[in-house]
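Chemist: attaching a predicted model along with its sequence, questions to come.
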Amino acid sequence: MRIYFDNASTTPLDDRVLDAMLPYLKGFHGNPSSIHADGRQTRTAIEKARRNIANCIGASIGEIFFTSGGTESSNMALKCAIRDLQVKRIISSPTEHHCVLHTLNYLVENEGIEVHYLKVDAQGKIQLEELEAAIIDSDKKTLVSLMYANNEIGTVHDFKRIAQICDENQVYFHSDTVQAIGQFPINVSETKISFLAGGAHKFHGPKGVGFIYINGDNIIKPYIDGGAQERNIRGGTENLYGIVGMAEALNLACAEMEERRIYIDDLRTYFKQELINNFEGVIFNGCQEQYLHKVLSVSFPESVNGDMLLMLLDMAGVSASGGSACSSGVEHESHVMTAIKGDPTYKTVRFSFNHKNTKAEVDTVINKLKEILH
């Protein structure tokens, strides 16, 4: 049986989530925009899901919009802020997910937007003093785009303080919270934020569905034209069973959050100590005090099989990754490791866990690594 340690890429679908989706896959097939009974039935399911997701993050139901995933949500936030809110300048960091970085490149090249990238230290952390200085350095209408938790190295930014700085200086704040949703408590009624992105498959929901929180003060035009769905923000028939599954998955993640966190963090600590005990010179990337508990990024010293480590782990029945899983299945040099000035002679592997993984699996992976590297 394979061992799956790549939960930062995607998580297995929870059986309880599948059970919630099945009626909408097999029986309830009405178009939510239809006015007949079948349509009203599925519309009710979508609005119930919207209410559940809003409750999980302290939002109003009118601030939750369904999308195809976190990438679309962040694209919508950034591009609509430029088009509809007259933002002329964006402050971000070089360790953001490519859905943000590639969008910023597009906006620079095609919209003439000014982008300021904050420096990151060897742990991938920004300096809040630099953020404040960058905000007040220009009188252009500004948006700050910083992720909550890094998908490759697990470093966690001070989400609440960043939101406070943005609010105090009257600039917009967008956060890619794809890795953080369901892992950390988020309450947008207490922490003011303009846009927040989430994706179901990171918290044991289905792939191909996500949501964006848009603060009610921010009025934007449709991102996808073609219909009045999602209160005229995103045209197209809704992914009914995906939305139902996402709401159930987030409900479960929030209800079980602390229990899962304690279990996964204990597993991560155990794996980390076993690596220290068995391999000389390993380096753990990212902040080890404030971190995303499901992620452990490890750099192994140069060795005979180092360049083939991921492939050999795969052949040994272990799924892990070199970083982001958004490169069409091809392993590329990590922009995050480059930004934090990681040693290029080391081989970096991201192991990421869920609450169904076990210490017995950790022991097996350690033994596989011994066979490969020793």
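Modeler: Structure received. Values in this document were obtained by computation on a predicted structure and should not be read as measured data. Numbers count the residues shown, from 1 in each chain.
Chemist: identify each buried residue in stretch 247-258, please.
Modeler: Within stretch 247-258, the residues scored as buried using 16 or more other C-beta atoms under 10 Å are 247, 248, 249, 250, 251, 252, 253, 254, 257. Where you see a C-beta, it was placed from the backbone N, CA and C, and this is true even at glycine.
Chemist: would you mind putting the CA coordinates of that stretch into CSV?
Modeler: Provided in CSV are the C-alpha atoms of stretch 247-258 (Å, rounded to 0.1, in the frame of the first residue of the first chain):
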residue,chain,number,x,y,z
ALA,A,247,-19.2,23.1,2.6
GLU,A,248,-19.3,19.7,4.4
ALA,A,249,-15.5,19.4,4.3
LEU,A,250,-15.0,22.8,5.8
ASN,A,251,-17.6,22.2,8.5
LEU,A,252,-15.7,19.0,9.4
ALA,A,253,-12.3,20.7,9.3
CYS,A,254,-13.5,23.6,11.5
ALA,A,255,-15.3,21.3,14.0
GLU,A,256,-12.2,19.0,14.3
MET,A,257,-9.5,21.6,13.8
GLU,A,258,-7.8,21.5,17.2
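Chemist: nearest to residue 91 among the buried residues of stretch 247-258?
Modeler: residue 250 (28.9 Å; C-beta to C-beta).
Chemist: among the buried residues of stretch 247-258, which ones are in helices?
Modeler: 247, 248, 249, 250, 251, 252, 253, 254, 257 (DSSP state H).
Chemist: touching, the fifth one and residue 52? I think so.
Modeler: Yes - with the criterion set as C-beta atoms under 8 Å, residue 251 and residue 52 qualify as a contacting pair; they are 5.6 Å apart.
Chemist: okay, now the domains of the protein?
Modeler: Listed by automatic domain parsing, the domain ranges of the chain are 3-11+256-373, 15-255.
Chemist: and the average pLDDT for the first one is what?
Modeler: Model confidence over domain 3-11+256-373 averages 93 on the pLDDT scale.
Chemist: how distant is that domain from the center of its chain?
Modeler: With C-alpha atoms, centre = their mean, to the nearest Å as the basis, domain 3-11+256-373 stands 17 Å off its chain's centre.
Chemist: and the end-to-end length of stretch 22-40?
Modeler: End-to-end distance for stretch 22-40, by C-alpha to C-alpha, to the nearest Å: 18 Å.
Chemist: any buried residues in that stretch, and which?
Modeler: Buried, per 16+ other C-beta under 10 Å, within stretch 22-40: 24, 30, 32.
Chemist: now do the helices in the stretch 251-374 of the chain.
Modeler: 257-278, 309-315, 335-339, 359-373 (DSSP state H, counting those that start in this stretch).
Chemist: the first one to helix 359-373, inter-axis angle?
Modeler: Helix 257-278 and helix 359-373 meet at an angle of 30 degrees, taking axes from the mean of the first three to the mean of the last three C-alpha atoms, to 10 degrees as the criterion.
Chemist: okay, buried residues for helix 257-278 please.
Modeler: Within helix 257-278, judged by 16+ other C-beta under 10 Å, the buried ones are 257, 260, 263, 264, 267, 268, 271, 272, 274, 275.
Chemist: what's the answer for the shortest one, then?
Modeler: By neighbour count on 16+ other C-beta under 10 Å, the buried set for helix 335-339 is 335, 336, 337, 339.
Chemist: any idea how far the second one lies from residue 92?
Modeler: The gap separating residue 336 from residue 92 is 13 Å, by C-beta to C-beta, to the nearest Å.
Chemist: cool, and the third one?
Modeler: Here the distance between residue 337 and residue 92 works out to 18 Å (C-beta to C-beta).
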